[in-house]
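**Student:** okay, predicted coordinates and the sequence, questions at the end:
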Amino acid sequence: MSGKKAVYIYDTTLRDGAQGEGVHFSVKDKMLYLAKIMETGVHYIEAGWPGSNPKDDEFFNRIASSETIGSGMSKIAAFGSTCRVGEEPENSEILSNLLSSCAPAVTIFGKAWKLHVKEVLRTDHRENWRMIRESVRFLSAGGKEVFFDAEHFFDGFADDPDFALACLEAALEGGATGVVLCDTNGGAFPDEIRKGVLAAGKAFVPRYLGIHAHNDGGMAVANSLTAVQAGANQIQGSWNGFGERCGNANLSTLVPWLQLKLGYQVLGAETVNDLSHLSRYVAELANYPFDEKQPFVGKSAFAHKAGMHVDAVIKNHKTFEHIDPSAVGNERRILVSEQSGKANLCQRMKKFQPEITKDDPLVEKAMDRIKQAEKEGFQYDTAEGSLDLLLLDIMGLLRRPFVLEDYHVWSDPLRGELDSVAVVKVRVGDRSEHIAGEGDGPVHALDKALRRTLSVFFPIIEESELSDYKVRVIDGSHGTGATVRVVVETRWGLRSWGTVGVATNILRASAMALLDALYIVILSQSEGKTG
Ligand SMILES: CC(=O)SCCNC(=O)CCNC(=O)[C@H](O)C(C)(C)COP(=O)(O)OP(=O)(O)OC[C@H]1O[C@@H](n2cnc3c(N)ncnc32)[C@H](O)[C@@H]1OP(=O)(O)O
Ligand SMILES: CC(=O)C(=O)O
């Protein structure tokens with residue numbers, strides 16, 4: 001271990017993260033998650049609440065019978081509550097499930113705000129402290145390492161500091177290894193967090209003083225960092241900020257803050273350097289769309305669009321980047337749009353002609369063409385495939401591998417499934433083919449007909465797939481006669497790219513975007529020019 005101060009990470013993605021709307025992990029996903037996160041050296045992984053649902057039960061059973069899981073550096077923690085009001089710990093089903101789980105660590109939550117004791121538990125303060133103290137004692141005596149999550153600690157501390165601190169004291173008297181101060185409603189301000197953590201740190205010296213912050217006020221990361229600076233040495237959070245309501249403190253943001261910017265020792269360098277990939281992997285397992293606007297790990301985190309920014313970032317990346325993107329496994333992206341100057345264009349064109357310079361007339365020509373096209377409704381920052389084709393064309397490097405000579409589409413919406421038919425005629429060299437395709441709707445039929453015809457000449461087409469299709473009305477004042485922009489996302493192996501078409505006829509706009517997508521598949525294979 002280096003001389004840096006350590007902060008311990010307690011990963012609650014599988015528990016609080018799974019409480020987030022739209023987040024779902026199957027048991028298999030959870031097993032994959034554990035295997036992956038255990039490699040990162042995260043200190044604690046909260047696996048779920050044994051006894052609360054059959055999925056969590058099966059998961060804990062699978063962990064117990066797995067030889068590899070449990071052998072790594074990360075400790076598994078089981079989650080649950082204290083015993084109920086008036087209940088002895090020995091008779092508590094919740095505590096008995098926690099005790100018999102395979103997890104060496106257990107976290108139980110209890111009330112630290114008088115409002116909850118009165119209105120939710122409907123009991124008195126002494127009984128609340130008893131429930132906390134005796135539940136912790138029972139689990140500690142059973143050989144578990146016990147953390148106490150002081151639910152609503154900061155609201156409770158603002159209301160009555162002595163009461164809130166007495167809840168921590170009860171847990172420590174019971175033998176808790178750590179107490180975790182929770183901003184459960186997520187509405188605290190950093191200054192309130194600082195006061196609460198300082199007071200807890202002054203009153204007690206637990207082995208772990210943790211913070212668990214929700215993001216309802218958009219402050220979860222700031223509040224967690226404030227807590228660490230005030231003396232907390234454990235952070236509970238989730239990757240991508242998944243969690244109840246607006247989510248939990250985002251580990252994908254917190255880890256680089258702590259390790260790269262504030263000088264704490266958190267996780268191994270290899271994990272931090274791979275953070276962008278790890279965060280995406282977790283989103284994929286959770287079956288939740290990855291937020292590309294996320295700090296540090298999102299695709300947009302180092303995407304430069306404005307011409308002035310790009311000019312400067314090429315001269316010295318520090319002018320518009322707070323860290324080197326590679327430090328978190330991310331990459332710099334130079335976008336091209338109507339906001340571009342010659343620096344953006346030149347940087348992109350170097351892909352095809354490395355020696356090109358900003359004062360080359362072709363760069364200015366490309367900039368003018370793109371600004372004009374964007375005025376007509378094209379949008380290239382989300383359609384880098386069409387952008388590359390346009391640039392290759394301007395540079396005189398584009399050899400279109402085929403020509404679409406003709407296409408017709410018929411639709412009969414009353415027919416039910418496969419209500420549309422398209423016929424396309426394609427020429428490659430001096431050979432032409434025309435083939436029909438059926439589809440659910442005219443665009444699907446056109447896509448199928450194009451792919452079937454082209455795969456006669458270019459079998460590689462079969463390996464690519466249309467992964468997204470978006471239509472946007474550009475000028476709503478013309479009603480159903482408005483101009484539309486179609487953006488198509490195509491996936492081929494690990495690569496994906498966007499292409500764009502604009503027209504008043506949605507089918508024509510779709511055909512433009514689809515054709516660009518297919519040109520790129522073929523060119524990437526045969527000429528390697530768009531790679
Ligand atoms: C702040 C947090 O995020 S804590 C995490 C909470 N997570 C979850 O709730 C997800 C999993 N939960 C569940 O599956 C279910 O709620 C269960 C199985 C745990 C409990 O279900 P039920 O027994 O039907 O109880 P239900 O959820 O309706 O009510 C909660 C009960 O727990 C009590 N309770 C709430 N907090 C605590 C606490 N800290 N300690 C002890 N009891 C508590 C409530 O008073 C209520 O009891 P009551 O009905 O006697 O008033
Ligand atoms: C324990 C917990 O998840 C909370 O207080 O928010």
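**Tutor:** Sure thing, it's come through. Ligands and ions are numbered 1, 2, ... in the order given.
**Student:** for the nearest residue to His24 once chain neighbours are set aside, what are its contacts?
**Tutor:** In space, and not counting its chain neighbours, His24 is closest to Asn287: 5.2 Å by Cβ to Cβ, 6 or more residues apart in numbering. Where you see a C-beta, it was placed from the backbone N, CA and C, and this is true even at glycine. Shown in contact with Asn287 (Cβ atoms under 8 Å, 6 or more residues apart in numbering): Val23, His24, Phe25, Asp29.
**Student:** and for the residue in the stretch 201-350 of the chain positioned nearest to ligand 1, the neighbour number?
**Tutor:** Going by Cβ to the nearest ligand atom, ligand 1 is nearest to Glu244 of the stretch 201-350 of the chain, at 5.6 Å. Using other Cβ atoms under 10 Å, Glu244 is surrounded by 18 other residues.
**Student:** gap between Glu173 and Trp129?
**Tutor:** 9 Å (Cβ to Cβ, to the nearest Å).
**Student:** likewise Asp419?
**Tutor:** Note on Asp419: its distance to Trp129, by Cβ to Cβ, is 68 Å.
**Student:** ok, now His434?
**Tutor:** If you go by Cβ to Cβ, the gap between His434 and Trp129 works out to 81 Å.
**Student:** more crowded one of the two?
**Tutor:** Counting neighbours by other Cβ under 10 Å for His434 and for Trp129 shows that Trp129 has the greater number, 21 against 15.
**Student:** where exactly do the strands run in the stretch 51-200 of the chain?
**Tutor:** Using DSSP state E, counting those that start in this stretch, the strands of the stretch 51-200 of the chain run over residues 75-81, 105-111, 145-151, 178-183.
**Student:** same deal with the stretch 351-500 of the chain?
**Tutor:** So, for the stretch 351-500 of the chain - with DSSP E, counting those that start in this stretch - the strands run 403-411, 420-428, 431-439, 464-473, 484-492, 495-503.
**Student:** okay if I get these as CSV plus mean pLDDT and distance to Asn273?
**Tutor:** Formatted as CSV, the strands of the stretch 351-500 of the chain follow (pLDDT from 0 to 100; distance: least, Cβ to Cβ, whole Å):
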stretch, mean pLDDT, distance to Asn273
strand 403-411, 94, 45
strand 420-428, 95, 45
strand 431-439, 93, 44
strand 464-473, 91, 28
strand 484-492, 93, 26
strand 495-503, 93, 22
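**Student:** closest to ligand 2 out of those strands?
**Tutor:** strand 464-473 (34.6 Å).
**Student:** so in that sheet, which strands flank the closest one, and in what orientation?
**Tutor:** Paired strands of strand 464-473, with direction, are strand 484-492 (antiparallel) (DSSP bridges).
**Student:** related to what we said a few turns ago, tell me the secondary structure at the residue of the stretch 201-350 of the chain closest to ligand 1.
**Tutor:** Following DSSP: H, G, I helix; E, B strand; the rest coil, the label given to Glu244 is coil.
**Student:** what are the phi and psi values at the closest residue in space to it that isn't next to it in sequence?
**Tutor:** Of all residues not flanking Glu244 in the chain, Gln19 sits nearest, at 4.2 Å (Cβ to Cβ, 6+ apart). Phi and psi for Gln19, reported as degrees, to the nearest 10, are phi -80, psi 0.
**Student:** for ligand 1, see how far away Gln19 is.
**Tutor:** Gln19 sits 6 Å away from ligand 1, going by Cβ to the nearest ligand atom, to the nearest Å.
**Student:** then Asp11?
**Tutor:** When Cβ to the nearest ligand atom is the yardstick, Asp11 and ligand 1 sit 15 Å from each other.
**Student:** ok, that residue - contacts?
**Tutor:** By Cβ under 8 Å, 6+ apart, the neighbours of Asp11 are Ile37, Val42, Tyr44, Ile45, Glu46, Ser74, Gln236, Gly237, Ser238, Trp239, Leu251.
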